[in-house]
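Peer 1: My questions are about this predicted structure, shown below with the sequence.
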There are 2 protein chains.
Amino acid sequence: MTAVLAPRALDRCRTSVLPAMRAAVARLDPASRRVTGYHLGWTEADGTPREGSAGKAVRPALALLSAELAGAPAEVGVPGAVAVELVHNFSLLHDDVMDGDTERRHRRTVWSLWGEPCAILAGDALLALAAEVLLESGSPRAGTAARELMVATRELIRGQVADLSFETRTSVGLDECMAMADGKTGALLGISTCIGAELAGAPPAVVDALRDSGRHLGAAFQLVDDLLGIWGDPATTGKPVLSDLRARKKSLPVTYVLGRGGAPGRALADWYATAPGPAGDAEEDLRRAAALVEDGGGRAWAAAEADEYLRRAEAALDRVALPPGPHAELTELGRFLIRRTS
Amino acid sequence: MTAVLAPRALDRCRTSVLPAMRAAVARLDPASRRVTGYHLGWTEADGTPREGSAGKAVRPALALLSAELAGAPAEVGVPGAVAVELVHNFSLLHDDVMDGDTERRHRRTVWSLWGEPCAILAGDALLALAAEVLLESGSPRAGTAARELMVATRELIRGQVADLSFETRTSVGLDECMAMADGKTGALLGISTCIGAELAGAPPAVVDALRDSGRHLGAAFQLVDDLLGIWGDPATTGKPVLSDLRARKKSLPVTYVLGRGGAPGRALADWYATAPGPAGDAEEDLRRAAALVEDGGGRAWAAAEADEYLRRAEAALDRVALPPGPHAELTELGRFLIRRTS
């Protein structure tokens, strides 16, 4: 697989947000600090420092860019970048508990190493800390930014509630599924893409255009994520091969095929209704299910929808006048995100 | 048992904060709204409306009083009252998951009825909502109040982290145990007792005096809670008889006796080190353990300490000039809380 070069916005973000992230995490109680450092990839489970990536840091990169899109220096967006990354990781820590996932990014999850209470409390602490960091930023609009972040957090929770409810339901509509993705992914990408502008005191029209753009980007991001959950390379994604099918996840491409019916839709519905045997699914069966999603048009549909949402994300930016440099960087970052391989 | 009459501050609070609490909870996603309504005692598990108490609402009562202590109408404190009550219930929902408790206030806990994910997500939503409600209050000091509430929330989490760690340790110092109680109970009572004054724009000296007073009151409250966990009447407390001993909880009176040594301390340490048989503890054994805590001076010590912390809570108020009516009400409420029976 060819490596896709990350845009400058992602690289720059790692260097300028990391110290602020470290300073924020240093304020946690010792147990939450230790497990958060591990979760973020800064340390091994025994506390030894570790080199390497703590994920793509997409949300902080968007937050810095959004300050620049409002004509301010990127640094103005730093508290926003830290806050959205803290909220993102709060949700990952709790989701891993709820989903019972034992691995993330090729490493054991926090709850699987230190127990559920530890992961729940660390997540709780990160959510509180996110609001704190914003409210300490000194921006006259910090309160507005914090309120919007909490609203987005509740939308994220609403999305996770819906996602969990889908697991026990036999039939899920495509509209419900898109609404779930909008909550679970769109809300936080929306606030990430406008929080720096908010802190910079941008006019409401600019903040709104950026938020809308980020939300559409979130939908595109989720569609690509769902494609990777079926056809992604485990070596790159860090998830087991065909993981979303193995988990019988009603992802967007699957929901599309199930709703469309026809021979592949009916065969896929039958397969989804059948529990795997005691030894789990044979890879061969999973590949057959993946072929049904492809034959039913789910793969092509999701790819086309991702393109369409990216187009809307770019169109939202055209509603306002933005400085051309950061505008081009945001466009580059968006395009990178829907062409990513992990 | 003679019923203790609740001070006016508690009654008034139920009527003036309840509509705002209902309006806030109505904004939650449907699943979190349903389980929160049940948890707060507003509905049965099937959603049928229910009469009755949703706990004492101590924290909202303190928040309203604190607005009046700053010379403002009680209504100024309402967003603070709602916010502290939401944070309190966020922590109860998550604590019940972590402690595996199946009953609270004579009713099944949320996780035991609807599963852990549901309780985790509802708790998460309440924490975010608490910050939202404050930040929408329109007070020029809303941001400061929200930041302080988040700081207190992290102290509360720090206290719960310590509490959980004590379970697996054989020896816990009395200082550590008091610090844990200060985090777990004192931090939220501290912010409850000053948040209305903060929203009312009180001078820092007044806010600080009120916060200190609430923190001391929190320590007294926890000492009384620990006494009730051993000697409380199950019909009143809603907990099983001798529940804290059954759970081998290293509560403050127990920690005092264990640290003091002597014959009762050694006998208590032996008993704490012995796991109950397959049928659980015989009530007779639990009563013997309670007698050891009493013989070792733990009961008298905790009662005297509660009085001492109440004295400090009252002394903190004397640092500033406060309107006499609300001042007397706060004193009455504090005294009621350390003489309570549930």
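Peer 2: Nice, thanks for sending it over. Please read all numbers here as calculations on a predicted model, not as lab measurements.

Peer 1: looking at chain A, which helix or strand does the model trust least?
Peer 2: helix A:234-237 (a mean of 82; mean pLDDT, DSSP states H and E).

Peer 1: Residues touching that helix, excluding its own?
Peer 2: Residues from elsewhere that reach helix A:234-237 (C-beta atoms under 8 Å, 6 or more residues apart in numbering or on different chains): A:1, A:228, A:229, A:240, A:241, A:243, A:341, A:342. For glycine as for every other residue, the C-beta is placed from the backbone atoms N, C-alpha and C.

Peer 1: Report the contact partners of the last one.
Peer 2: This points to residue A:342. A:228, A:232, A:233, A:236, A:237, A:238.

Peer 1: so how many other residues sit close to the last one?
Peer 2: Residues lying near residue A:238 (other C-beta atoms under 10 Å in any protein chain shown) number 16.

Peer 1: Please identify, among the contacts of helix A:234-237, the one with the most neighbours.
Peer 2: residue A:229 (21 neighbours).

Peer 1: Now do the contacts for that residue.
Peer 2: Applying C-beta under 8 Å, 6+ apart to residue A:229 gives the contacts A:237, A:239, A:243, A:244, A:249, A:251.

Peer 1: 7 Å instead?
Peer 2: When contacts are counted by C-beta atoms under 7 Å, 6 or more residues apart in numbering or on different chains, residue A:229 touches A:239, A:243, A:244, A:249, A:251.

Peer 1: One more: residue A:24?
Peer 2: Counting by C-beta under 7 Å, 6+ apart, residue A:24 has contacts A:82, A:86, A:129, A:133.

Peer 1: Quick check: which element contains the third one?
Peer 2: Think residue A:129. Secondary structure assigned from DSSP states H and E places residue A:129 in helix A:116-135.

Peer 1: ok, and does that helix reach over to chain B?
Peer 2: Yes: counting by C-beta under 7 Å from any C-beta of the partner chain, chain B is contacted by helix A:116-135 at A:117, A:120, A:121, A:124, A:125, A:127, A:128, A:129, A:131, A:132, A:135.

Peer 1: my guess is the last one meets residue B:146, correct?
Peer 2: Yes: contact between residue A:135 and residue B:146 holds when scored by C-beta atoms under 7 Å: they sit 5.9 Å apart.

Peer 1: Between those two, point out the one with more neighbours.
Peer 2: residue B:146 (31 against 27).

Peer 1: List the residues that contact that one.
Peer 2: A:131, A:135, A:146, B:131, B:134, B:135.

Peer 1: Quick check: nearest residue in space to the second one, chain neighbours excluded?
Peer 2: Translated: residue A:135. residue B:147 (4.0 Å; C-beta to C-beta, 6 or more residues apart in numbering or on different chains).

Peer 1: so who does that neighbour touch?
Peer 2: By C-beta under 7 Å, 6+ apart, the neighbours of residue B:147 are A:132, A:135, A:136.

Peer 1: And residue A:275, by the same measure?
Peer 2: Counted by C-beta under 7 Å, 6+ apart, residue A:275 has zero contacts.

Peer 1: Show me where chain A has its strands.
Peer 2: A:103-104, A:107-108 (DSSP state E).

Peer 1: Go through these and name the closest to chain B.
Peer 2: Across those, chain B has its closest neighbour in strand A:103-104 (17.1 Å, C-beta to the nearest C-beta).

Peer 1: Other residues contacting that closest one?
Peer 2: Under C-beta under 7 Å, 6+ apart, the answer for strand A:103-104 is A:92, A:96, A:109, A:238.

Peer 1: Tell me where the stretch 1-150 of chain A is predicted with low confidence.
Peer 2: A:1-5, A:53-54 (pLDDT under 70).

Peer 1: and if we set it to 90?
Peer 2: A:1-16, A:51-56, A:99, A:101, A:103-106 (pLDDT under 90).

Peer 1: Can you pull the residues of chain A lying near chain B?
Peer 2: A:29, A:31-32, A:94, A:97-98, A:117, A:120-121, A:124-125, A:127-129, A:131-132, A:135-136, A:142-143, A:146-147, A:150-151, A:153-154, A:157-158, A:160-161, A:164.

Peer 1: Now that we have those, which of them are buried?
Peer 2: By neighbour count, with 16 or more other C-beta atoms under 10 Å in any protein chain shown, the residues of chain A next to chain B hold A:29, A:31-32, A:94, A:97-98, A:117, A:120-121, A:124-125, A:127-129, A:131-132, A:135, A:142-143, A:146-147, A:150-151, A:153-154, A:157-158, A:160-161, A:164 as buried.

Peer 1: what's the distance between the least confident helix or strand of chain A and the middle of its chain?
Peer 2: 16 Å (C-alpha atoms, centre = their mean, to the nearest Å).
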